[in-house]
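# Using only what follows, build the 3D model:
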Amino acid sequence: MRTNKRNDDDMAAADGNLLQQPKEETQSSVRNPLMKVRTYVLALRPWSLSGSLLPTLLGAALSYRLPGESGFSWVTLLLTLCTVIPVHGAGNVVNTYFDFVKGIDNRKSDDRTLVDRILSIDEVVSLGAILYMAGCAFFLLLVILSPARMEHLALVYFGGLSSSFLYTGGIGLKYIALGDIVVLVIFGPVAVVFSFLAQTGRVDWPIIYYAIPLALNTEAILHSNNTRDLEIDSKAEIVTLAILIEKLLFIKLLHESLLLTRAFEML
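Numbers count the residues shown, from 1 in each chain. Down below sits the predicted model:
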């Protein structure tokens with residue numbers, strides 16, 4: 001009798017496990033897509049997107065104070081952000097890809113998306129392509145609504161898009177000590193001018209003055225990252241400004257960049 005009772009209990013427990021198994025599988029299937037989305041978002045380095053977000057907002061703020069004939073448009077601002085941010089994210093993804101392919105990223109690197117196989121190479125390439133296409137799609141909508149001439153917007157936009165790719169892709173400006181110039185120009189004057197142009201349809205060159213503090217701040221961030229990666233970049237035979245002028249002088253340059261940023265903000 002006891003044996004039969006024990007068998008009945010075992011069968012009941014087994015039935016219970018069978019009933020619970022689909023629930024666990026369902027929870028796992030829900031969790032995995034969410035984790036995948038989180039992985040894609042982290043691959044964009046969202047903490048760095050302020051480098052393009054702030055100058056875009058600055059250009060919009062300047063256009064609000066110096067409006068064009070059509071006035072300030074919140075829809076245009078939204079489209080401008082949706083045009084700029086995907087391109088910045090795509091540039092980060094391209095950077096991840098080429099740093100890995102060239103053997104620069106390793107276990108000690110800050111970005112280990114491909115090193116730790118968090119994403120595959122094909123997934124990173126696809127993500128970059130999707131982001132570039134999304135940016136171009138929003139750009140077409142922006143051209144329709146903006147008072148600016150299409151060729152003027154296209155000149156600034158595709159100049160920025162090309163720079164985001166060529167920073168590590170193609171000739172790899174980052175690897176030949178030209179990355180600092182690209183960052184200084186794109187995450188300052190170019191982003192501010194693009195946002196202002198999209199709102200007003202014109203370019204007031206004095207607005208570039210307001211872009212200098214943001215450009216210097218972003219440049220200072222790049223300087224600090226290059227100082228941190230100085231040994232890794234040297235072993236990979238990369239030429240950066242930090243390597244050219246050595247560590248002590250580079251830290252001094254970083255300090256002066258921060259001082260200039262604060263000085264412009266006080267003016």
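# now residue 194: how far from residue 104?
As judged by Cβ to Cβ, to the nearest Å, residue 194 and residue 104 stand 30 Å apart. Bear in mind the C-beta positions are built from the backbone N, C-alpha and C, glycine included.
# Which of these two has more residues huddled nearby?
Applying other Cβ atoms under 10 Å to residue 194 and residue 104 shows that residue 194 carries more neighbours, namely 28 against 21.
# Residue 72: neighbour count?
16.
# That one should be in a strand, yeah?
No: Residue 72 sits outside any strand when classified using DSSP: H, G, I helix; E, B strand; the rest coil, being coil.
# roughly how far out does stretch 177-189 sit from the chain middle?
14 Å (Cα atoms, centre = their mean, to the nearest Å).
# Quote the end-to-end distance of it.
20 Å (Cα to Cα, to the nearest Å).
# swap in stretch 61-77?
OK, stretch 61-77 end separation, Cα to Cα: 10 Å.
# Can you point out the buried residues in it?
Residues of stretch 61-77 classed as buried: 61, 62, 63, 68, 72, 73, 76, 77 (neighbour count, 16 or more other Cβ atoms under 10 Å).
# For those, give me a markdown table that also has secondary structure.
Below are the buried residues of stretch 61-77 laid out as a markdown table (three-state DSSP):
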| residue | secondary structure |
| --- | --- |
| 61 | helix |
| 62 | helix |
| 63 | helix |
| 68 | coil |
| 72 | coil |
| 73 | coil |
| 76 | helix |
| 77 | helix |
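# With distance to residue 220 and pLDDT as added columns, please give these in a markdown table.
Converted to a markdown table, the buried residues of stretch 61-77 look like this (distance: Cβ to Cβ, whole Å; pLDDT from 0 to 100):
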| residue | distance to residue 220 | pLDDT |
| --- | --- | --- |
| 61 | 22 | 94 |
| 62 | 22 | 94 |
| 63 | 26 | 93 |
| 68 | 33 | 74 |
| 72 | 31 | 91 |
| 73 | 33 | 92 |
| 76 | 30 | 96 |
| 77 | 27 | 96 |
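# just checking, residue 119 touches residue 39?
Yes: taking Cβ atoms under 8 Å as the definition, residue 119 is a contact partner of residue 39 at 6.2 Å.
# These two: which is more packed in?
Legend: neighbour count by other Cβ under 10 Å for residue 119 and residue 39, higher for residue 119 (20 against 14).
# Now do the same contact list for the closest residue to residue 48 other than its chain neighbours.
Nearest residue to residue 48, sequence neighbours excluded (Cβ to Cβ, 6 or more residues apart in numbering): residue 92, at 6.4 Å. With contact set as Cβ atoms under 8 Å, 6 or more residues apart in numbering, residue 92 has these partners: 43, 44, 45, 48.
# quick one, strands of the chain?
Using DSSP state E, the chain contains no strands.
# where does it dip in pLDDT?
1-31, 108-109, 246-267 (pLDDT under 70).
# contacting residues for the residue nearest the centre of it?
What sits nearest the mean C-alpha location of the chain, by Cα atoms, centre = their mean, is residue 89, with 3.3 Å. Residues in contact with residue 89 (Cβ under 8 Å, 6+ apart) are 44, 45, 46, 49, 131.
# again, only using 10 Å
For residue 89, the contacting residues are 40-41, 43-46, 48-49, 52, 127-128, 130-132, 134-135, 164, by Cβ atoms under 10 Å, 6 or more residues apart in numbering.
# Check residue 70 too.
Per Cβ under 10 Å, 6+ apart, neighbours of residue 70: 76, 145, 146, 147, 199, 200, 201.
# distance of the fourth one from residue 67?
Yep, that's residue 147 we're talking about. For residue 147 relative to residue 67 (Cβ to Cβ), the value is 10 Å.
# Next: the first one.
Counting by Cβ to Cβ, the gap from residue 76 to residue 67 is 11 Å.
# starting at the chain centroid, how far to stretch 53-63?
So, by Cα atoms, centre = their mean, the centroid of stretch 53-63 is 17 Å from its chain's centroid.
# actually stretch 230-243, not the one I typed
The chain centroid and the centroid of stretch 230-243 are separated by 22 Å, computed with Cα atoms, centre = their mean.
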